[in-house]
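Asker: Pasting the sequence and the predicted model now:
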2 protein chains.
Amino acid sequence: MKKKISLRVIRRISFYYEALLKLNLPENTYISSRKLEEVTGVSCNQVRQDFFYLGISIGKQKKGYLVKKLFKELKKILSIDHSSKVIIIGAGRIGQALSNYKLFKDRNIMVTALFDIKKELVGTEIGKPGQKKPILHIDGLETYLMENPDIKIALLTVPEEAAQETLDKLIGHGIRGVVNFAPKILKVPKETREIQLINDCIGTSLYKIVYQLYSKK
Amino acid sequence: MKKKISLRVIRRISFYYEALLKLNLPENTYISSRKLEEVTGVSCNQVRQDFFYLGISIGKQKKGYLVKKLFKELKKILSIDHSSKVIIIGAGRIGQALSNYKLFKDRNIMVTALFDIKKELVGTEIGKPGQKKPILHIDGLETYLMENPDIKIALLTVPEEAAQETLDKLIGHGIRGVVNFAPKILKVPKETREIQLINDCIGTSLYKIVYQLYSKK
DNA sequence: ACTATTAATTTTAACTTAAACAATATCACG
DNA sequence: CGTGATATTGTTTAAGTTAAAATTAATAGT
């Protein structure tokens, strides 16, 4: 029985992983919790506690964690030690930006196709040579998913008017996890259980920053 | 002395606010905590506790909260009862998408200009007629901010290679709050205190969804 | 061998959410 | 028009979760 890890911890773990990517240290060197604090902003105490909690006790006193080992452990926890395929629904600016997002490689996440309804987009490809992805019509979604049953994740970047309806359609066609980028909070229908939805609405954090800045006193 | 509100509460408050926007109810009708749960996914207990905590005790038994009053209270808490001006650094796909983001209006947040270094972009305008925003060269940033001292917030959508450097520059020129959309965790220099930075890196939530979906068991 | 640094672990405190419950206003109904 | 049932709030209390701090142990370097 595996311990449940909260999304908050997962987020920090992803920070540590990103830090390793960013620093690009040789695999046989060490990185300390202090250094991780410096790069990620997460306190070294928290770093160690996270590692302890997760059963990562691979540190060496006075040196830190072996980069190679740490990479491996973090990947395992994040479930990015194997490759995941995703599709993007909506080939507008956000969708295209996401599909071009080069770091997907380091995270073992692959965009296989984009879907849209705009005539001028459907049938074209986007991306750099060698990693082009087709833009397909959304009517072909069901067929596509039947032919590619290992695709369980969709990134939703359609206009907000169409967002909820599209989400429902995705779920109906077997998608199990969705990140919603449309500026509108979506909900999964009650009946359908076990669907993972993250509302990562663009602009949400504006509220936070405005609050922090202007609510003072 | 004002009570400190955590960002987590602020996020929920913004959900309630978004729910009101979405439902678009007449101002003189009522909305219950149950209904808010239905729309936002936040439990009605939590809703009531939030309101209690924040001193919003405007509910009527058996009916709920008067939409008009609730709007007013939420706006006040979120500090969007007055207008805030922001600039966008990076006029690429994400930056353009953000600048077109129509909901800014309802949130009293205005994009006044975009900045970039690309020759083909600088000097042009984007946006629908009547709300066009200029794209300026980033070299003009300092001057622009001196002429518009009420702009304290920047949205950062530059490529990740330039992100940290650009953030430092922004801070140097008096920007006080930044939302970073580049796929890289940034940090504010230690010396500079009181700068609000939110790393809202595009793609961060992919880790979460992948974990939730593939780590099962 | 001593010192300083760092990890592992435990303890404590803070924060967050959930649950419970009393109070009250509205509505249905006779 | 009165009355009772009920929905819904305001408030408190408890539980659960998360983060911080403190402590212990180990090891590298001098």
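Answerer: Received it, and whenever you're ready, just let me know what you need. Residues are numbered from 1 along each chain as shown, chains lettered A, B, ... in the order given.
Asker: Need the single longest helix in chain A, by residues.
Answerer: helix A:7-23 (DSSP state H).
Asker: what helices or strands is it leaning on?
Answerer: Helix A:7-23 makes packing contacts with helix A:33-40, helix A:44-53, helix A:67-78, helix B:204-214 when contacts are defined by 3 or more Cβ pairs under 8 Å, 6 or more residues apart in numbering or on different chains; DSSP states H and E. For glycine as for every other residue, the C-beta is placed from the backbone atoms N, C-alpha and C.
Asker: ok, now with 6 Å
Answerer: helix A:33-40, helix A:67-78, helix B:204-214 (3 or more Cβ pairs under 6 Å, 6 or more residues apart in numbering or on different chains; DSSP states H and E).
Asker: List the contacts of it.
Answerer: The contact list for helix A:7-23 (Cβ atoms under 6 Å, 6 or more residues apart in numbering or on different chains) reads A:36, A:39-40, A:42, A:50, A:71, A:74, A:77, A:106, B:185, B:207-208, B:211.
Asker: Then stretch A:28-35?
Answerer: Defining contact as Cβ under 6 Å, 6+ apart, one finds that stretch A:28-35 is touched by A:Cys44, A:Val47, A:Arg48, A:Lys63, A:Gly64, A:Tyr65, A:Leu66, A:Val67.
Asker: which one among these gets closest to DNA strand D?
Answerer: The shortest approach to DNA strand D among these belongs to A:Lys63, at 5.4 Å (Cβ to the nearest atom of the strand).
Asker: pLDDT score assigned to that closest one?
Answerer: Looking at A:Lys63, its pLDDT reads 94.
Asker: Who are the contact partners of it?
Answerer: Residues near A:Lys63 by Cβ under 6 Å, 6+ apart: A:Tyr30.
Asker: Please tell me how far it sits from A:Thr29.
Answerer: Using Cβ to Cβ, to the nearest Å, we find A:Lys63 at a distance of 9 Å from A:Thr29.
Asker: How about A:Leu206?
Answerer: Here A:Leu206 is placed at a distance of 39 Å from A:Thr29 (Cβ to Cβ).
Asker: Which among the contacts of helix A:7-23 count as buried?
Answerer: A:Leu36, A:Val39, A:Thr40, A:Val42, A:Asp50, A:Phe71, A:Leu74, A:Ile77, B:Ile185, B:Tyr207, B:Lys208, B:Tyr211 (16 or more other Cβ atoms under 10 Å in any protein chain shown).
Asker: for these, which one is nearest B:Ile171?
Answerer: B:Ile185 (16.1 Å; Cβ to Cβ).
Asker: now the closest one, what's its secondary structure?
Answerer: Using DSSP: H, G, I helix; E, B strand; the rest coil, the secondary structure recorded for B:Ile185 is coil.
Asker: which one is it nearest to, not counting chain neighbours?
Answerer: Nearest residue to B:Ile185, sequence neighbours excluded (Cβ to Cβ, 6 or more residues apart in numbering or on different chains): B:Asn199, at 5.2 Å.
Asker: neighbours around that neighbour, how many?
Answerer: 22 (other Cβ atoms under 10 Å in any protein chain shown).
Asker: hey, which strand is longest across chain A?
Answerer: Longest strand in chain A, counting residues (DSSP state E): strand A:109-116.
Asker: relative orientation of the longest helix of chain A and helix A:67-78 in degrees?
Answerer: Orientation of helix A:7-23 against helix A:67-78 (axes from the mean of the first three to the mean of the last three Cα atoms, to 10 degrees) gives an angle of 150 degrees.
Asker: tell me which residues of helix A:7-23 are tucked away?
Answerer: A:Val9, A:Ile10, A:Arg12, A:Ile13, A:Ser14, A:Phe15, A:Tyr16, A:Tyr17, A:Glu18, A:Ala19, A:Leu20.
Asker: These into TSV, with extra columns for pLDDT and distance to B:Gly130?
Answerer: Listed next are the buried residues of helix A:7-23 as TSV, based on pLDDT from 0 to 100; distance: Cβ to Cβ, whole Å:
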residue	pLDDT	distance to B:Gly130
A:Val9	96	47
A:Ile10	96	43
A:Arg12	97	44
A:Ile13	97	46
A:Ser14	96	41
A:Phe15	96	42
A:Tyr16	97	47
A:Tyr17	96	45
A:Glu18	94	41
A:Ala19	95	45
A:Leu20	95	48
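Asker: hmm, which two among the residues you listed are most spread apart?
Answerer: It's A:Val9 and A:Leu20 that sit farthest apart of the buried residues of helix A:7-23, by Cβ to Cβ, at 16.8 Å.
Asker: any idea which helix or strand carries A:Glu191?
Answerer: Counting by DSSP states H and E, A:Glu191 is held by no secondary-structure element, helix or strand.
Asker: Give me the pLDDT for it.
Answerer: Reading off the model, A:Glu191 has pLDDT 79.
Asker: Over to A:Leu25?
Answerer: 95.
Asker: need the contact list for the nearest residue to it once chain neighbours are set aside.
Answerer: Closest residue to A:Leu25 apart from its sequence neighbours, by Cβ to Cβ, 6+ apart: A:Val67 at 4.9 Å. Counting by Cβ under 6 Å, 6+ apart, A:Val67 touches A:Leu25, A:Glu27, A:Thr29, A:Ile31.
Asker: Now list the buried members of those.
Answerer: Using 16+ other Cβ under 10 Å, the buried members of the contacts of A:Val67 are A:Leu25, A:Ile31.
Asker: Counting only strands, which of the contacts of A:Val67 make the cut?
Answerer: Checking these against DSSP E, those in strands are A:Ile31.
Asker: Please produce CSV containing the contacts of A:Val67, extended by distance to DNA strand D.
Answerer: Formatted as CSV, those follow (distance: Cβ to the nearest atom of the strand, whole Å):
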residue, distance to DNA strand D
A:Leu25, 16
A:Glu27, 18
A:Thr29, 12
A:Ile31, 14
